[in-house]
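Participant: make a model of this:
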Amino acid sequence: MKLQLFIISLFFLLLNCSSGKENMYAGTGKSSSKLTVRAEIVEKQFVNKAGKNTGISEYYVRQSQQDYFIKFCESKVTRKEIEEILSTIEDSIKILEITMEIREGEWDQCDENTVQSRIGRYVVIHKIE
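Facilitator: The predicted structure is shown next:
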């Protein structure tokens with residue numbers, strides 16, 4: 001009897017957790033609604049599939065322990081604008097208030113010259129507050 005109650009409780013717990021994740025991404029499967037957040041912007045070196053550092057840096061929005069690639073070709077904010085704002089922040093942790101959208105898809109597909117086929121969740125920045 002206790003085992004049955006445990007299994008039922010576990011089932012409802014898992015069901016509750018998964019429904020929260022769907023709400024976070026607005027249930028669309030492809031993108032979320034716009035969110036205004038204070039988040040750290042981090043710069044990382046791009047490493048190709050062969051594991052070699054390319055000398056190219058990329059920017060990510062850090063949310064909790066997850067880093068989301070910033071896809072500038074879909075954003076309303078340019079890479080240059082982000083770099084200029086970040087250069088004025090003296091702290092080692094660069095936090096900005098941004099309006100963003102989390103999307104699912106190809107990171108490198110901006111034009112016909114696809115660099116690499118990375119896919120997953122990424123961020124589009126609509127505005128820096």
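Participant: what is the end-to-end distance of stretch 106-117?
Facilitator: One end of stretch 106-117 sits 7 Å from the other (C-alpha to C-alpha, to the nearest Å).
Participant: pLDDT weak spots in the chain?
Facilitator: 1-32, 112-116 (pLDDT under 70).
Participant: mind listing the helices for it?
Facilitator: 2-24, 79-88 (DSSP state H).
Participant: buried set for the last one?
Facilitator: Of the residues in helix 79-88, those with enough neighbours to count as buried (16 or more other C-beta atoms under 10 Å) are residue 82. To be clear about C-beta, it is placed using only N, CA and C from the backbone, and glycine gets the same treatment.
Participant: same thing with stretch 55-68?
Facilitator: Neighbour-count burial for stretch 55-68, counted by 16+ other C-beta under 10 Å, picks out 58-61, 67-68.
Participant: skipping adjacent residues, who's closest to residue 101 in space?
Facilitator: Ranked by C-beta to C-beta, 6 or more residues apart in numbering and with sequence neighbours excluded, the top spatial neighbour of residue 101 is residue 124, at 4.8 Å.
Participant: show me what contacts the spatially most central residue of the chain?
Facilitator: The residue lying closest to the centre of the chain (C-alpha atoms, centre = their mean) is residue 68, at 2.4 Å. Residue 68 makes contact with 60-62, 102, 121-123, according to C-beta atoms under 8 Å, 6 or more residues apart in numbering.
Participant: from those residues, which land in strands?
Facilitator: Judged by DSSP state E, strands contain the following of the contacts of residue 68: 60-62, 102, 121-123.
Participant: burial count for the nearest residue to residue 75 once chain neighbours are set aside?
Facilitator: Leaving out its chain neighbours, the residue that sits closest to residue 75 by C-beta to C-beta, 6+ apart is residue 125, at 4.4 Å. By other C-beta atoms under 10 Å, the residues close to residue 125 number 23.
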